[in-house]
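Participant: here's a sequence, model it:
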Amino acid sequence: MAKKITKTIKMQIVGGKATPAPPLGPVLGQAGVNIGEFVNQFNAMTKDSMGQMVSVLMTVYDDRSFEFVIKTPPVSALLKKFAGVEKGSGTNAKKKAGSITDAQLTEIATIKLPDLNARDVEAAKKIVAGSARSMGIEIK
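Facilitator: Next comes the predicted model:
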């Protein structure tokens with residue numbers, strides 16, 4: 001018989017730097033997850049993406065066991081990294097936060113392709129370009 005799922009949790013955590021401290025600890029504690037075990041497994045799996053924000057989809061079962069899947073970094077984090085800015089523009093139409101090249105746009109789309117609802121890189125580029133536009137990042 002399959003295990004019964006009690007909760008699914010979506011989180012964004014810095015790769016290789018998870019700690020039991022807030023905000024991660026209370027979220028996992030409320031779900032009944034062994035926090036130390038998760039932190040050790042997560043840090044071991046993300047040591048290659050140290051310091052980069054990654055998305056995590058965690059499934060918690062009724063016997064307090066869990067599974068988690070590590071997704072690619074959020075589009076906004078990749079855009080800020082490639083544009084070299086700390087945050088997007090609050091007024092994207094009036095003030096631009098930075099810019100990226102078309103080659104960088106293609107690279108971001110290629111990284112995000114497995115997690116996006118797109119069939120090919122060209123469709124993924126349109127999705128990423130829309131996010132860049134809303135953040136005030138120009139594509140040159």
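Participant: okay, now the unreliable bits of the protein?
Facilitator: Within the chain, the stretches with pLDDT under 70 are 1.
Participant: strands of that one, start to end?
Facilitator: 5-14, 53-61, 66-70, 98-100, 137-139 (DSSP state E).
Participant: partners of the second one, with directions?
Facilitator: Counting by DSSP bridges, the strands paired with strand 53-61 are strand 5-14 (antiparallel), strand 66-70 (antiparallel).
Participant: quick check: which of these is nearest to residue 83?
Facilitator: Nearest to residue 83 among those is strand 5-14 (19.0 Å), distances taken as CB to CB. No exception for glycine: its C-beta is placed from N, CA and C like everyone else's.
Participant: and the contacts of the closest one?
Facilitator: The contact list for strand 5-14, computed with CB atoms under 8 Å, 6 or more residues apart in numbering, reads 24, 27-28, 31-32, 42, 46, 51-62, 74.
Participant: gap between that strand and the chain center?
Facilitator: Taking the mean of its C-alpha atoms, strand 5-14 sits 12 Å from the chain's own mean (CA atoms, centre = their mean, to the nearest Å).
Participant: can you list the buried residues in that strand?
Facilitator: 9, 11, 13, 14 (16 or more other CB atoms under 10 Å).
Participant: go through this protein and flag its longest helix.
Facilitator: helix 121-135 (DSSP state H).
Participant: tell me the buried residues in that one?
Facilitator: So helix 121-135, judged by 16+ other CB under 10 Å, has buried residues 121, 124, 125, 127, 128, 129, 131, 132, 135.
Participant: using CSV, list the CA coordinates for stretch 24-42.
Facilitator: As requested, the backbone C-alpha atoms of stretch 24-42 are provided in CSV (Å, rounded to 0.1, in the frame of the first residue of the first chain):
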residue,chain,number,x,y,z
LEU,A,24,13.0,27.0,7.2
GLY,A,25,12.9,25.5,10.6
PRO,A,26,9.3,26.5,11.6
VAL,A,27,7.9,25.5,8.2
LEU,A,28,9.4,22.0,8.4
GLY,A,29,8.6,21.7,12.2
GLN,A,30,4.9,22.4,11.5
ALA,A,31,4.9,19.7,8.9
GLY,A,32,6.5,17.2,11.3
VAL,A,33,9.6,16.7,9.3
ASN,A,34,13.0,15.8,10.9
ILE,A,35,14.7,19.2,10.3
GLY,A,36,18.3,18.0,10.7
GLU,A,37,17.8,15.2,8.3
PHE,A,38,16.4,17.5,5.6
VAL,A,39,19.1,20.1,6.1
ASN,A,40,21.9,17.5,5.8
GLN,A,41,20.3,15.9,2.7
PHE,A,42,19.6,19.2,1.0
